[in-house]
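Undergrad: The sequence and its predicted three-dimensional model are supplied below.
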Amino acid sequence: MKTMGRRQSAAEAVEFQMRGDIRNRPVRVVDRAGQRRMWSTALVVVGVLGVLLAIAVLRMRQNDLGYEVGVLLATQARLETERRHLVAELESLRALDRIERLAMEQLLMVKPTGADAFVVERARATSAPSSSIVALRGSGL
């Protein structure tokens, strides 16, 4: 830069004026290959991030399902134990000795002797006699 005390020559003044008139804007040249590389790299990065996110989500779901399986197995074991207890209780309630004892004590029943017991034979089905009368509906008789 020139010092202030020195006077500018006419040529320097014109040159300064021309520099002010000419606008030196930067020229942007589009680098197609560079843009293609940039977008392909961005696409690869997004793809890798998507895969990593999917893996993380699947892993979390696997952990949740593992926890649910543990809870269900514990519930199944508890229900199986309860079922065994209920079957044992049912068998004890079905025991004939117990039923006989309850019938004698609470219902005041007695055991039948040979003289008290008798057998009822099944009646045989017979055909209707041929001289039977059949009533007709609406005959007015």
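TA: The structure has been received and is ready for your questions.
Undergrad: The longest helix seen in the chain - what's its average pLDDT?
TA: Using DSSP state H, we find that the single longest helix of the chain is helix 32-94. Taken as a whole, helix 32-94 has a mean pLDDT of 96.
Undergrad: ok, now stretch 123-140?
TA: The model assigns stretch 123-140 a mean pLDDT of 67.
Undergrad: so how far is Ser9 from the one residue sitting closest to the centre of the chain?
TA: In the chain, the centroid-proximal residue (Cα atoms, centre = their mean) is Leu65; its distance is 9.3 Å. Separation of Leu65 from Ser9 (Cβ to Cβ, to the nearest Å): 87 Å. Using the backbone N, CA and C atoms, a C-beta is placed for each residue, glycine as well.
Undergrad: related to what we said a few turns ago, could you point out the helix or strand that follows the longest helix of the chain?
TA: Note on helix 32-94: by DSSP states H and E, the next helix or strand toward the C-terminus is helix 96-105.
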